[in-house]
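*Asks:* Make a model of this:
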Amino acid sequence: MHAFDVLGDPVRRRILELLVEGEMTSGAMCAVIVEEFGITQPAVSQHLKVLRDNGFATVRPDGARRLYAVDAEPLRDVDVWLDRFRRCWTPHRDPASSP
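*Replies:* The predicted model follows:
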């Protein structure tokens, strides 16, 4: 799956927004996503699986809990791809108009 396919889903983007603040248990994350999007816990689990399978999130066991975190590597790849478009929204300075 291409990075933009993964990031194109609002639920997965929201999960990443939650995870960027730090590790979260799947239960805590599910509570937020179920509340905000009105989807089931199994649906949230499917989104987490997509994020894990595509390298955007990591999971580690902590006793009976599973802690999720952002994996930044695929986001770096997105940033590299976006770099060529930055000039579209970054102000340019015309060297001829400089004092």
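*Asks:* Would you point out which residue is most central in this protein?
*Replies:* By C-alpha atoms, centre = their mean, the mean C-alpha position of the chain lies nearest to residue 16, the distance being 3.3 Å.
*Asks:* what's near enough to touch it?
*Replies:* Residue 16 makes contact with 7, 51, 56-57, 70, according to C-beta atoms under 8 Å, 6 or more residues apart in numbering. C-beta here means a position set from N, CA and C on the backbone, and glycine is covered the same way.
*Asks:* Name all residues that make contact with residue 51.
*Replies:* Contact analysis of residue 51 by C-beta under 8 Å, 6+ apart lists 6, 12, 15-16, 57.
*Asks:* Among these, find the one with the greatest number of neighbours, please.
*Replies:* Comparing the contacts of residue 51 by number of neighbours (other C-beta atoms under 10 Å), residue 15 comes first, having 25 neighbours.
*Asks:* so what pLDDT did it get?
*Replies:* Looking at residue 15, its pLDDT is 97.
*Asks:* Can you give me the neighbour number for residue 50?
*Replies:* By other C-beta under 10 Å, the residues close to residue 50 number 18.
*Asks:* Give me the distance between the residue nearest to the centre of the chain and residue 63.
*Replies:* For residue 16, the distance to residue 63 equals 25 Å [C-beta to C-beta, to the nearest Å].
*Asks:* Which strands or helices does the least confident helix or strand in the chain by mean pLDDT pack on?
*Replies:* The weakest-scoring helix or strand in the chain, judged by mean pLDDT, DSSP states H and E, is helix 73-83 (a mean of 87). Packing contacts for helix 73-83, counted by 3 or more C-beta pairs under 8 Å, 6 or more residues apart in numbering; DSSP states H and E, involve helix 3-7.
*Asks:* any idea how far residue 19 lies from residue 86?
*Replies:* Going from residue 19 to residue 86 by C-beta to C-beta gives 25 Å.
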